[in-house]
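**Student:** Mind folding the following:
(chains A and B)
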Amino acid sequence: KAGVTQTPRYLIKTRGQQVTLSCSPISGHRSVSWYQQTPGQGLQFLFEYFSETQRNKGNFPGRFSGRQFSNSRSEMNVSTLELGDSALYLCASTLTGPWGDSPLHFGNGTRLTVT
Amino acid sequence: SQKIEQNSEALNIQEGKTATLTCNYTNYSPAYLQWYRQDPGRGPVFLLLIRENEKEKRKERLKVTFDTTLKQSLFHITASQPADSATYLCALDMGGLGAGKSTFGDGTTLTVKP
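**Tutor:** Model prediction:
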């Protein structure tokens, strides 16, 4: 069974631009969560989607948004990029929904560098 | 405020010894606690999950304990090997409709020396 796939693997953008990251969950998984990982802040929860609906949201500005498609694939978008948005963006999927008792299956992330 | 602390940033041990990693939390009442392993440049990989009503869980050389009174989880790797060198993260989840907002500690980087 294929794991969680994130594309692209690396991305370099300029301040003020916007970016879209993609995540394909494990087949059959309906919940997709997004996390930002930086050396200073660690892993921070962005948002979670289940059956195309955003169920939970972290404490990030509105520049960060996401969506989920009917095939459970998900995208996240960051508009008006800032230098501080440079991070590893991780996507994770779970089988039935992250009720806490379903482990998160992470992809290997997209490394975003904002210059 | 809510806080998760993992003992030290780095832990160095000799091959064959038992590594013990600590995860302490304050102002949380987690329903579940999970441990993940992360290698450089890769996403975290799930290792073990323990529920609030469970005291201990084991999987091969791994053991996790969960003390909701002390608000602490201990993660043990017995007979450690150099291949166990990685960063280990604990994560809390409140469960129910608030689930999905797993909160992670900053991680402990374990180095096992041959």
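**Student:** Contacts only, for residue A:35.
**Tutor:** A:43, A:44, A:45, A:46, A:89, A:90, A:91, A:92, B:104 (C-beta atoms under 8 Å, 6 or more residues apart in numbering or on different chains). All C-beta spots, glycine's among them, are computed from the backbone N, C-alpha and C.
**Student:** Please repeat the previous calculation with a cut-off of 10 Å.
**Tutor:** Residue A:35 makes contacts with A:42-48, A:58, A:87-92, A:104, A:106, A:109, B:43-44, B:102, B:104, as judged by C-beta atoms under 10 Å, 6 or more residues apart in numbering or on different chains.
**Student:** again with residue B:74
**Tutor:** Residue B:74 neighbours (C-beta under 10 Å, 6+ apart): B:7, B:20-24, B:56, B:63-67, B:90.
**Student:** farthest-separated two in those residues?
**Tutor:** Farthest-apart pair in the contacts of residue B:74 is B:7 and B:56; separation 18.8 Å (C-beta to C-beta).
**Student:** Pick out whichever of the two has more residues nearby.
**Tutor:** Of the pair residue B:7 and residue B:56, residue B:7 is the one with more neighbours under other C-beta atoms under 10 Å in any protein chain shown, namely 15 against 12.
**Student:** Dihedrals phi and psi, the more buried one?
**Tutor:** For residue B:7, the backbone dihedrals are phi -30, psi -100 (criterion: degrees, to the nearest 10).
**Student:** The residue nearest to it when sequence neighbours are not counted: how many residues sit nearby?
**Tutor:** Distance criterion C-beta to C-beta, 6 or more residues apart in numbering or on different chains; nearest residue to residue B:7, sequence neighbours excluded, is residue B:22 at 3.9 Å. The burial count assigned to residue B:22 is 16, neighbours taken as other C-beta under 10 Å.
**Student:** What ranges does chain A have for its strands?
**Tutor:** A:5-7, A:10-13, A:19-24, A:31-38, A:42-50, A:53-57, A:64-68, A:74-78, A:87-94, A:105-106, A:110-114 (DSSP state E).
**Student:** ok, and does the least confident helix or strand in chain A by mean pLDDT reach over to chain B?
**Tutor:** Sorting the helices and strands of chain A by mean pLDDT, DSSP states H and E puts strand A:53-57 at the bottom, at a mean of 89. Yes: contact of strand A:53-57 with chain B (C-beta under 10 Å from any C-beta of the partner chain) involves A:55, A:56, A:57.
**Student:** State the number of residues packed around the first one.
**Tutor:** I take that to be residue A:55. Using other C-beta under 10 Å, the number of residues around residue A:55 comes to 18.
**Student:** And the second one, by the same measure?
**Tutor:** Other residues near residue A:56 come to 19 when the count uses other C-beta under 10 Å.
**Student:** I'd like to know how far it sits from residue B:93.
**Tutor:** Distance of residue A:56 to residue B:93, computed by C-beta to C-beta, to the nearest Å: 11 Å.
**Student:** still on that earlier bit, let me know which of the strands of chain A is tucked in deepest.
**Tutor:** strand A:87-94 (a mean of 25; mean count of other C-beta atoms under 10 Å in any protein chain shown).
**Student:** Which strands or helices does that one pack on?
**Tutor:** strand A:5-7, strand A:19-24, strand A:31-38, strand A:42-50, strand A:74-78, strand A:105-106, strand A:110-114 (3 or more C-beta pairs under 10 Å, 6 or more residues apart in numbering or on different chains; DSSP states H and E).
**Student:** Can you show me the CA trace of the fifth one as PDB?
**Tutor:** Output for strand A:74-78, consisting of C-alpha atoms alone and laid out as PDB, is shown next (Å, rounded to 0.1, in the frame of the first residue of the first chain):
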ATOM      1  CA  SER A  74      -5.800  17.600   0.000                       C
ATOM      2  CA  GLU A  75      -4.100  20.900  -0.900                       C
ATOM      3  CA  MET A  76      -2.900  23.700   1.400                       C
ATOM      4  CA  ASN A  77      -2.300  27.200   0.200                       C
ATOM      5  CA  VAL A  78      -0.200  30.000   1.700                       C
END
